[in-house]
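Q: I'd like to go over a predicted model; first the sequence, then the structure.
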Amino acid sequence: MIGTIAQLLESDHGLAAISDTARLDLELLLCSVLRCERSYLFTWPETRLNESQCAAFQTLLERRLNGEPVAYIIGQQGFWSLELEVDASTLIPRPETELLVEQALLLLQDRAALPSRVADLGSGSGAIALALANERPAWQLLGVDRVAPAVALANRNAHRLQLTNARFVEGSWCGGLEGGPYDLIVSNPPYIDAEDPHLAQGDVRFEPRSALVAGQQGLADIRAIGEQARHWLRTGGWLLFEHGFAQGGAVRDLLSSLGYGEVGTQRDLAGLERVTRARWVGDEESTQ
């Protein structure tokens with residue numbers, strides 16, 4: 001397969017059969033081998049790979065042809081304005097989750113420059129917390145994940161990005177929180193039903209099942225967080241979830257039944273219900 005960049009990119013090498021982004025996949029794999037930016041591929045298409053580089057490209061290509069996500073193969077994924085290290089201990093950050101970041105910034109827009117406490121439950125690679133920490137230097141972000149390797153990964157990302165206002169600890173949902181009360185608790189929890197056929201398709205086959213699947217038709221962890229967060233939010237504080245596109249009504253009903261007010265759902269760019277917010281009105285059990 002020895003050849004130039006242009007020659008290696010002439011064919012999809014069979015990737016079109018398994019990927020809707022075959023050309024992009026190839027470019028990212030090639031950049032990983034050459035340790036370059038994508039712009040280099042177009043600026044220097046006549047560059048000839050040596051034998052070692054071609055062998056490395058072939059190895060990565062075979063992994064992708066077997067269905068392994070590009071993010072896991074190259075060990076990184078872009079999210080918001082950040083480049084994050086990722087591995088198989090966490091979900092791959094997805095563009096639709098950026099809506100969660102957008103909504104979090106909007107909910108606390110009146111506190112943009114004020115010290116605020118924000119928690120990210122099930123933080124994985126740290127994508128959500130780090131995006132918020134990067135946008136709001138005055139905020140203190142605490143990410144919680146029950147998987148120790150994920151916590152280590154998120155802390156590495158924070159260190160590499162020099163975001164000193166975000167840190168990550170091991171724990172189960174609100175059980176890992178410290179101090180309080182919080183102005184906002186945000187989460188992209190497991191919300192896929194165990195019987196969902198999509199679990200056997202695409203990238204999710206390689207992602208940790210524990211970060212994808214929840215009981216009670218996908219609502220068990222959302223319910224648990226909703227119940228626990230009442231004791232950690234300040235009066236007037238917000239709870240914000242990402243959930244499945246068909247779960248908006250169920251999530252709204254659940255949060256209303258738990259005593260939250262101002263419950264509403266934001267649709268994504270595809271017009272699907274994706275993120276639900278709710279405000280804690282406070283009671284005698286709250287930490288407030």
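A: Structure's in. What do you need?
Q: looking at the chain, which helix or strand is least sure?
A: None of the helices or strands of the chain scores lower by mean pLDDT, DSSP states H and E than helix 215-218, at a mean of 81.
Q: Disregarding flanking residues, what is the spatial nearest neighbour of residue 122?
A: Nearest residue to residue 122, sequence neighbours excluded (Cβ to Cβ, 6 or more residues apart in numbering): residue 189, at 5.0 Å. Where C-beta positions appear, they are placed from N, C-alpha and C, glycine not excepted.
Q: Isn't residue 67 up against residue 201?
A: No - between residue 67 and residue 201 there is no contact under Cβ atoms under 8 Å: 9.5 Å.
Q: And what about residue 234, helix, strand or coil?
A: strand (DSSP: H, G, I helix; E, B strand; the rest coil).
Q: Name the residues that touch stretch 23-43?
A: Taking contacts as Cβ atoms under 8 Å, 6 or more residues apart in numbering, the residues outside stretch 23-43 that touch it are 5, 8-9, 12-13, 15, 19, 47, 49, 53, 56-57, 60-61, 64, 70, 73-74.
Q: could I have the least confident helix or strand of the chain exported to CSV, CA atoms only?
A: Extracted C-alpha coordinates of helix 215-218, given in CSV (Å, rounded to 0.1, in the frame of the first residue of the first chain):
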residue,chain,number,x,y,z
GLY,A,215,-33.5,-0.2,33.5
GLN,A,216,-37.1,1.0,33.6
GLN,A,217,-37.2,1.5,29.8
GLY,A,218,-34.0,3.6,30.1
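Q: contact partners of it?
A: Contacts of helix 215-218 (Cβ under 8 Å, 6+ apart): 190-194, 196, 223, 243-244, 247, 250.
Q: how much distance is there from it to the middle of the chain?
A: 20 Å (Cα atoms, centre = their mean, to the nearest Å).
Q: How about stretch 236-253?
A: 17 Å.
Q: Just the strands from the stretch 51-200 of the chain, written as ranges.
A: 76-79, 82-85, 117-121, 140-145, 166-170, 182-187 (DSSP state E, counting those that start in this stretch).
Q: so which of these gets nearest residue 262?
A: Closest to residue 262 of the strands of the stretch 51-200 of the chain, according to Cβ to Cβ: strand 182-187, at 13.3 Å.
Q: quick one: which of residue 67 and residue 201 has more around it?
A: The neighbour comparison of residue 67 against residue 201 (other Cβ atoms under 10 Å) goes to residue 67, with 13 against 10.
Q: Need the pLDDT of the more buried one.
A: Looking at residue 67, its pLDDT reads 90.
Q: residues contacting it?
A: Contacts of residue 67 were listed using Cβ under 8 Å, 6+ apart, and they are 18, 202-203, 205-206.
Q: repeat for residue 226
A: With contacts defined as Cβ under 8 Å, 6+ apart, the neighbours of residue 226 are 239, 254-255, 258, 260, 278.
Q: tell me the domain boundaries of the protein?
A: 5-67, 81-280 (automatic domain parsing).
Q: looking at these, which is buried most?
A: Across those, the average number of neighbours (mean count of other Cβ atoms under 10 Å) peaks for domain 81-280, which reaches a mean of 19.
Q: My read is that residue 44 contacts residue 5, right?
A: Yes - the criterion here is Cβ under 8 Å, and residue 44 meets it with residue 5 at 6.8 Å.
Q: gap between the spatially most central residue of the chain and residue 67?
A: Residue closest to the average C-alpha location in the chain (Cα atoms, centre = their mean): residue 93, at 3.3 Å. Residue 93 sits 19 Å away from residue 67, taking Cβ to Cβ, to the nearest Å as the criterion.
Q: Would you state the helices of the chain in chain order?
A: 5-8, 22-34, 38-43, 51-65, 70-74, 98-107, 127-135, 148-160, 215-218, 220-229, 248-257 (DSSP state H).
Q: Show me what the first one packs onto, helices and strands only.
A: Which is helix 5-8. On a contact count with 3 or more Cβ pairs under 8 Å, 6 or more residues apart in numbering; DSSP states H and E, helix 5-8 meets helix 22-34.
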